[in-house]
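1. next one to model:
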Amino acid sequence: MQQMLPARAFIYQIKRTGQLLFSKYLLATNIGISAGLSGTGDILEQQIEKHITTKLSKWEKERTLKMSTAGAVVGVICHYWYLYLDNKFIGRGAKVVFKKLMLDQCLFSPFLIFTYFVLVGSLDGHKWSEIMDSVKSKYLRLYAAEWIVWPPAQLINFWILPTRFRVLYDNTISLGYDIYTSYVLHDD
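-> Numbering: from 1, shown residues only. The predicted structure follows:
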């Protein structure tokens, strides 16, 4: 019986920490999740490159740091985007979810992809003209993939989940997409 008390205290602390992270510290939580999963996606992509293509001989830590940094910035943007959508379009009815979904796909996704190109290109030290060349040659590949992955994922996000869990859910789905994003951005 005495062993149960520390276990209960531990479970209580985990629940309390989760409540704080997803309420009082939501922005910091979203930034951390986005940075961490963007970096994880890049690490996984580098492992794939290393074992399948021989383009890499070892883990490029700076590349992962740059992808994580871009992920942190995207975390801030997504945090405020979801707050805006949920304040502007209140409810979970079909019309509201459809509006959010279309705005997310047609307005926000193009902006976010472009932002990612600019962030990663800038962190890599590329000139604006080089970044724009990358956008011109790779943007449509990422945007087409967005239409496959995100409408069904965002349907669940907007219809079922409360605002505070949107970025976590988004980034969990995004882990696979981040692997592809890293591949496209670093495919020369």
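2. check the chain for its longest helix and report it.
-> helix 128-160 (DSSP state H).
3. determine the set of other helices and strands touching that helix.
-> helix 94-103, helix 109-123, helix 166-185 (3 or more CB pairs under 8 Å, 6 or more residues apart in numbering; DSSP states H and E). All C-beta atoms are positioned from the backbone trio N, CA, C, and that covers glycine.
4. could these go into CSV alongside mean pLDDT and distance to residue 9?
-> As requested, these are arranged in CSV below (pLDDT from 0 to 100; distance: least, CB to CB, whole Å):
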stretch, mean pLDDT, distance to residue 9
helix 94-103, 95, 40
helix 109-123, 92, 41
helix 166-185, 82, 25
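5. mean neighbour count, these: which tops it?
-> Mean neighbour count (mean count of other CB atoms under 10 Å) peaks for helix 166-185 among those, with a mean of 20.
6. residues making contact with that one?
-> 22, 29-30, 33-34, 37-38, 40-42, 44-46, 48-49, 67, 71, 75, 78-79, 82, 116-117, 120, 134, 138, 141-142, 145-146, 149-150, 153, 156-157, 161 (CB atoms under 8 Å, 6 or more residues apart in numbering).
7. could you list the buried residues of the helix or strand of the chain at the bottom of the mean pLDDT ranking?
-> None of the helices or strands of the chain scores lower by mean pLDDT, DSSP states H and E than helix 4-21, at a mean of 73. Across helix 4-21, burial judged by 16 or more other CB atoms under 10 Å covers residue 21.
8. perfect, that will be all.
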